[in-house]
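> I'll drop the sequence and a predicted model, then ask my questions.
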Amino acid sequence: MKFTIKRTAFMNQLNNVSRAISSKSTIPILLGIKMTATEEGITLVGSDTELSIEGFLPIKDESLGLSIESTGNVVVTSRYFLEVIRKLPADTVTVEVNDQAIVNIQSGQSHFTLNGIDGNQYPLLPEIISEESIQLPTELFKELIAQTIISTSNQETRPILTGVNITLKGKQLTGVATDSHRLSQRTIEIMNDQELEIESMTIPKKTLNELSRIVEDEDHIKLIISDEQLIFALKNLTIYSRILEGNYPDTARLIPTEHATRIVVNADTFYHAIDRASIMSNQGKNNVVRLEIEDQRVELSVYGSQLGSSNEAIETQTVTGESLQISFNPDYMKDALKTFNGTDIQMDFQSNVRPILLTAVEDETSSANLIQLLTPIRTH
């Protein structure tokens, strides 16, 4: 196998596929990137068995400066190969692999040799035979990911909570995530010409994180679904992912439909006030901020910190309902507030031990159909 290509274009696609590779894989070959040269172009694959990313560099794309002298395949250690390509001095790079899977890299006056592995030993990508697919609007779907992924769990004791659960009814696609301390839900409208329905499908956090980082300004992402696998198909890039097993909890019943107290406040104004309060709350054993609502006055305070205390009156637009004192984790609240992109929000309270509901006031904003729910912290 031998080919020459522009270094920057090669590096960009190598970066994409390397996102799937785990640095702690117990399977040595999965520490590498598989490169395959055919008459049509160069295919690159990275995988950790749960997430696989395949990138393609087509020879017909003249901007790549790609020429293929001979075909073949090889697996080369990702970490060192990327480091070498990144630091090469010239604009183009030539990669040549001999029969012993020795990878020779030439660029300008620099020459490197890396030991490779026969590419035929690399695990095959999953075959998905399915006609079920939907077109996801890229910008809206990336918004949905950013607004929900904050509430996914990091605890492997309940694997199903480590992803975002997706449902599709008609043209309404809803993503929801919860770690049992907070909940995030966003609904977007998509084209659904096949009238496909998704009752429940939980996509791993890593898959969605990497998708958000890789996908650029394409109009749509094609999502292909099978029983245990799914594919996100982009231009010259394909992301394969497993679907998390298990039954996702019924989160609809957790969302309050009534409130005893409501305040309307700008999300950014409230965020910055909590950020200031966090200076004190993060110093204590318990990271807690208290919100007090009484006689049209809303105040944030922190007491019991080793460093000292703080309190601040919050500028609100309206305050209605009963007086209330409630405590919460300021980091969770800041995560939730950031998803509203500076719009005005309403915060609904039932009592000091019931979840706090955050929704956007204006339905025309990009935060429409967005719900954030936080469990309060009980204090004495």
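Alright, I've got the coordinates. Numbers count the residues shown, from 1 in each chain.
> Strands of the stretch 1-150 of the chain, start to end?
Using DSSP state E, counting those that start in this stretch, the strands found in the stretch 1-150 of the chain span residues 2-6, 32-37, 41-47, 51-58, 67-70, 72-77, 92-97, 102-107, 110-118, 133-137.
> The first one vs strand 51-58, what angle?
Looking back up the chat, that one is strand 2-6. Computed with axes from the mean of the first three to the mean of the last three C-alpha atoms, to 10 degrees, the direction of strand 2-6 lies at 90 degrees from that of strand 51-58.
> Strand 2-6 pairs with which strands?
Applying DSSP bridges, strand 2-6 is found paired with strand 67-70 (antiparallel), strand 92-97 (antiparallel).
> any chance of those in CSV, with mean neighbour count, distance to residue 110 and mean pLDDT too?
C-beta here means a position set from N, CA and C on the backbone, and glycine is covered the same way. As requested, the strands paired with strand 2-6 are exported to CSV (neighbours: other C-beta atoms under 10 Å; distance: least, C-beta to C-beta, whole Å; pLDDT from 0 to 100):
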stretch, mean neighbour count, distance to residue 110, mean pLDDT
strand 67-70, 13, 19, 98
strand 92-97, 20, 9, 98
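> Which neighbouring elements make contact with the helix or strand residue 222 falls within?
Take DSSP states H and E as the rule and residue 222 turns out to sit in strand 220-225. Strand 220-225 is packed against strand 133-137, helix 138-148, strand 229-234, with contacts defined by 3 or more C-beta pairs under 8 Å, 6 or more residues apart in numbering; DSSP states H and E.
> Looking at those, which is nearest to residue 66?
Taking C-beta to C-beta as the criterion, strand 229-234 is the member of the helices and strands packed on strand 220-225 that comes nearest to residue 66, at 19.2 Å.
> so what's the residue nearest the centre of the chain up against?
The centre of the chain sits closest to residue 209, judged by C-alpha atoms, centre = their mean, with a distance of 2.5 Å. When the contact criterion is C-beta atoms under 8 Å, 6 or more residues apart in numbering, the partners of residue 209 are 145, 149.
> Just to be sure, it is in a strand?
No. Counting by DSSP: H, G, I helix; E, B strand; the rest coil, residue 209 is not part of a strand but helix.
> Please renumber the chain so that the first residue is 17 from this point on.
Noted, 17 is the first residue going forward, which turns the last one into residue 225.
> Could you report the pLDDT at it?
pLDDT recorded at residue 225 is 96.
> Figure out how far stretch 250-266 is from the centre of its chain.
Distance of stretch 250-266 from its chain centroid, counting by C-alpha atoms, centre = their mean, to the nearest Å, is 12 Å.
> Quick one: mean pLDDT for it?
Computed over stretch 250-266, the mean pLDDT rounds to 94.
> Next: stretch 64-81.
In this model, stretch 64-81 carries a mean pLDDT of 96.
> about what we covered before: out of the strands paired with strand 18-22, which comes closest to residue 39?
Residue 39 lies closest to strand 108-113 among those, at 23.0 Å (C-beta to C-beta).
> ok so, going back, could I get the strands of the stretch 17-166 of the chain as TSV with distance to residue 240?
Listed next are these as TSV, based on distance: least, C-beta to C-beta, whole Å:
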stretch	distance to residue 240
strand 18-22	29
strand 48-53	22
strand 57-63	18
strand 67-74	13
strand 83-86	29
strand 88-93	25
strand 108-113	31
strand 118-123	33
strand 126-134	30
strand 149-153	5
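> Mean neighbour count, those strands: which tops it?
Mean neighbour count (mean count of other C-beta atoms under 10 Å) peaks for strand 48-53 among these, with a mean of 25.
> hmm, who's touching it?
Residues outside strand 48-53 that contact it (C-beta under 8 Å, 6+ apart) are 17-19, 30, 33-34, 37, 58-62, 84, 86-94, 97, 111, 132-133, 135, 138.
> sorry, back to before: which one, of the strands of the stretch 17-166 of the chain, ends up nearest to residue 316?
Using C-beta to C-beta, the strands of the stretch 17-166 of the chain put strand 149-153 closest to residue 316, at 37.2 Å.
> Residue 170: which of the strands of the stretch 17-166 of the chain is closest?
Of all the strands of the stretch 17-166 of the chain, it is strand 67-74 that lies closest to residue 170, at 16.8 Å by C-beta to C-beta.
> Please save the CA atoms from that closest one in PDB.
The C-alpha coordinates for strand 67-74 follow below in PDB (Å, rounded to 0.1, in the frame of the first residue of the first chain):
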ATOM      1  CA  LEU A  67     -18.400   3.200  19.200                       C
ATOM      2  CA  SER A  68     -16.800   3.000  15.800                       C
ATOM      3  CA  ILE A  69     -16.000   5.900  13.500                       C
ATOM      4  CA  GLU A  70     -15.200   5.400   9.800                       C
ATOM      5  CA  GLY A  71     -13.800   8.200   7.700                       C
ATOM      6  CA  PHE A  72     -13.400   8.200   3.900                       C
ATOM      7  CA  LEU A  73     -11.000  10.300   1.800                       C
ATOM      8  CA  PRO A  74     -12.200  10.000  -1.800                       C
END
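> For it, which strands pair with it and how are they oriented?
For strand 67-74, pairing defined by DSSP bridges yields strand 57-63 (antiparallel), strand 253-258 (antiparallel).
> centre of the chain versus the longest one, how much separation?
Read that as strand 57-63. On C-alpha atoms, centre = their mean, the centre of strand 57-63 falls 22 Å from that of its chain.
> do the same with stretch 24-40
Using C-alpha atoms, centre = their mean, the offset of stretch 24-40 from its chain centre is 17 Å.
> Next, residue 370: phi, psi?
Phi and psi for residue 370, reported as degrees, to the nearest 10, are phi -100, psi 150.
> Touching, it and residue 392? I think so.
Yes. Using C-beta atoms under 8 Å, residue 370 is in contact with residue 392, at 7.4 Å.
> who has more neighbours, these two?
residue 392 (19 against 16; other C-beta atoms under 10 Å).
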